[in-house]
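Participant: what shape does this take:
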Amino acid sequence: MTTLFIKNMVCNRCIMVVQNELDKLRLDVKNIKLGEVTLDKELTDEQKKNFDAVLTSLGFELIDDKKSRIIEKIKNIIIELVHHQDNDTKNNLSDVLISKLHHDYNYLSNLFSEIEGTTIEKYFIAQKIEKVKELLVYDELSLSEIALRLNYSSVAYLSNQFKKVTGLTPSYFKQIREDKRKPLDKV
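Facilitator: I've put the predicted structure just below:
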């Protein structure tokens, strides 16, 4: 059994695309999730080279070094928390990362800042703001409901953070409805 780590897998569609390519290469998948594929057996050098080439053509890339894998796991945990869960939990982001990655938060924070040039907190906020934009464009929830869903302490706090990041108020953003969303892997 072998585990491969893949950069830029940020959504369920990405999982589908990677799964499809693995099927085409006739590789038996034991488990697949954001940023990670577990195969039944070790890849040959040629299989790995072919898979890497296919991934690269699709905007993904195999990650070989330990630090890059940790960074990708941090990003995937944050994306999962913000975009793919109805966030009832009030868990602290640092506690979630510590429990899932089994590393001291200071180590994770320093590594992330060193490699990404931004803090984990700023990355987390950027993801939350992208989710707010998405929910505003869908126009199904009020700003209060969005604040509650994304664990903001108040609508005012969400609005202030939104304006600080985008330069616009949520209501103005909703009004102009310009597509200001970035792909998740570009945040």
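Participant: are we agreed that residue 97 is in a helix?
Facilitator: Yes: under DSSP: H, G, I helix; E, B strand; the rest coil, residue 97 sits within a helix.
Participant: who touches it in this structure?
Facilitator: 74, 77, 103, 105, 108, 120 (Cβ atoms under 8 Å, 6 or more residues apart in numbering). Any C-beta I mention is one placed from the backbone N, CA and C, and that applies to glycine too.
Participant: reformat these as a markdown table; add pLDDT and neighbour count.
Facilitator: Shown next, in a markdown table, are those (pLDDT from 0 to 100; neighbours: other Cβ atoms under 10 Å):
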| residue | pLDDT | neighbour count |
| --- | --- | --- |
| 74 | 95 | 25 |
| 77 | 93 | 20 |
| 103 | 95 | 15 |
| 105 | 95 | 15 |
| 108 | 96 | 19 |
| 120 | 96 | 23 |
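Participant: in JSON lines, list the residues you listed along with distance to residue 56 and secondary structure.
Facilitator: Shown next, in JSON lines, are the contacts of residue 97 (distance: Cβ to Cβ, whole Å; DSSP: H, G, I helix; E, B strand; the rest coil):
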{"residue": "74", "distance to residue 56": "22", "secondary structure": "helix"}
{"residue": "77", "distance to residue 56": "24", "secondary structure": "helix"}
{"residue": "103", "distance to residue 56": "29", "secondary structure": "coil"}
{"residue": "105", "distance to residue 56": "33", "secondary structure": "helix"}
{"residue": "108", "distance to residue 56": "27", "secondary structure": "helix"}
{"residue": "120", "distance to residue 56": "27", "secondary structure": "helix"}
